[in-house]
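Novice: quick one: sequence plus predicted model below, questions after.
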Amino acid sequence: MIKVKVPELLKQKGWNATDLMRKGNIAYATALRLSKGQAEAISFEVLESLCKLFEVRVEDVLEYVESA
């Protein structure tokens, strides 16, 4: 399973889904799903935007967690 770590990144910045949409130039529906850690897919374009916005690497945005 791939864990989306955007909620943690948002919390560190004190941002919400609207901030993510505006600052990251990401569609609101996508920003909302990411802010809840519920995204089922993510484009490379959005992933790149997240990395630039939060000044992090890909592994700081997504994490592989083995299913139990």
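Specialist: Good, I have the coordinates.

Novice: ranges for the strands of this structure?
Specialist: 2-4, 62-64 (DSSP state E).

Novice: if I look at residue 34, how far off is residue 66?
Specialist: Distance, residue 34 to residue 66, by C-beta to C-beta, to the nearest Å: 22 Å. C-betas here are computed from N, CA, C, even on glycine.

Novice: and those two? Which one has more around it.
Specialist: residue 34 (25 against 5; other C-beta atoms under 10 Å).

Novice: nearest spatial neighbour of that one, skipping sequence neighbours?
Specialist: The shortest distance from residue 34 to any non-neighbouring residue, by C-beta to C-beta, 6 or more residues apart in numbering, is to residue 6 (4.3 Å).

Novice: what's the longest helix in the chain?
Specialist: As assigned by DSSP state H, the longest helix anywhere in the chain is helix 44-54.

Novice: buried residues, that one. List them.
Specialist: 46, 49-50, 53-54 (16 or more other C-beta atoms under 10 Å).

Novice: kindly report the same for stretch 10-26.
Specialist: Applying 16+ other C-beta under 10 Å to stretch 10-26 flags 10, 15, 17, 20-21, 24, 26 as buried.

Novice: and the residues you listed, which of them are in helices?
Specialist: 10, 17, 20-21, 24.

Novice: now for these, which pair is the farthest apart?
Specialist: 10 and 21 (11.4 Å; C-beta to C-beta).

Novice: so who does the closest residue to residue 67 other than its chain neighbours touch?
Specialist: Spatial nearest neighbour of residue 67, chain neighbours left out: residue 1 (5.1 Å); criterion: C-beta to C-beta, 6+ apart. Neighbour list for residue 1: 64-67 [criterion: C-beta atoms under 8 Å, 6 or more residues apart in numbering].

Novice: now residue 4
Specialist: Going by C-beta under 8 Å, 6+ apart, residue 4 touches 34, 37-39, 42, 61-62.

Novice: identify the bridge partners of it.
Specialist: Residue 4 has these beta-bridge partners by DSSP bridges: residue 62.

Novice: quick one: it and residue 16, what's the gap?
Specialist: 16 Å.

Novice: my read: residue 24 touches residue 31, true?
Specialist: Yes - using C-beta atoms under 8 Å, residue 24 makes contact with residue 31 at a distance of 7.0 Å.
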